[in-house]
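# after the sequence you'll find the predicted model.
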Amino acid sequence: MAEDCIFCKILNKAAPASFVYEDDHVVAFLSNRPVNEGHTLVVPKKHYVNIYDMPVDEAAYLFKVVKRVAHAVRDGLNAEGVRIVQNNGSAAGQVVFHFHMHVIPMKPHNAFGHDGAFRDSTKPRSPEELEKDAEKILRKI
């Protein structure tokens, strides 16, 4: 765990999050600055800065969880597609330096572009809104 890492704080219950999945190795919780409603982050419990730090077997396991979460996000939010994103380094748009994958529900009206970092165009959602989103996903996990 890293002292100054927000995801490590979430894992230690020192910061709030709306969880939709947890096992011995991985958690999934909603982004508090979602690109779209239901935007979920899948995070290893061990602190790895990026994909280069993460052992292959742990990355493979995490991706199995991403697949499961992707189904639940798509079905829970009635999305027509799901964007799966993972950034490595600030040049690639990484903002939190604890490895994580984004599972973002998409609908036809969503603009599909790569202009700027996702966080540049997002707004915070309230804890109540996040819990409602989490309930939709939890029903499908």
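Structure's in. What do you need?
# give me the neighbour count for Ile104.
24 (other C-beta atoms under 10 Å). (Glycine included, C-beta is placed from N, CA and C.)
# what's the helix or strand hosting Lys67 packed up against?
Using DSSP states H and E, Lys67 falls within helix 56-76. In this structure, helix 56-76 packs against strand 19-22, strand 26-30, strand 40-44, strand 81-85, strand 101-106, helix 127-138, with contacts taken as 3 or more C-beta pairs under 8 Å, 6 or more residues apart in numbering; DSSP states H and E.
# distance to Lys9 and mean pLDDT added to the ones you listed, as CSV?
Listed next are the helices and strands packed on helix 56-76 as CSV, based on distance: least, C-beta to C-beta, whole Å; pLDDT from 0 to 100:
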stretch, distance to Lys9, mean pLDDT
strand 19-22, 14, 98
strand 26-30, 12, 98
strand 40-44, 12, 98
strand 81-85, 22, 95
strand 101-106, 19, 96
helix 127-138, 16, 91
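# looking at those, which is nearest to Leu11?
strand 26-30 (6.6 Å; C-beta to C-beta).
# export only the CA atoms of that closest one, formatted as CSV.
Extracted in CSV, the C-alpha atoms of strand 26-30 (Å, rounded to 0.1, in the frame of the first residue of the first chain):
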residue,chain,number,x,y,z
VAL,A,26,-9.3,-7.3,-6.8
VAL,A,27,-12.0,-4.7,-6.2
ALA,A,28,-14.3,-2.7,-8.4
PHE,A,29,-15.9,0.5,-7.5
LEU,A,30,-17.6,3.5,-9.2
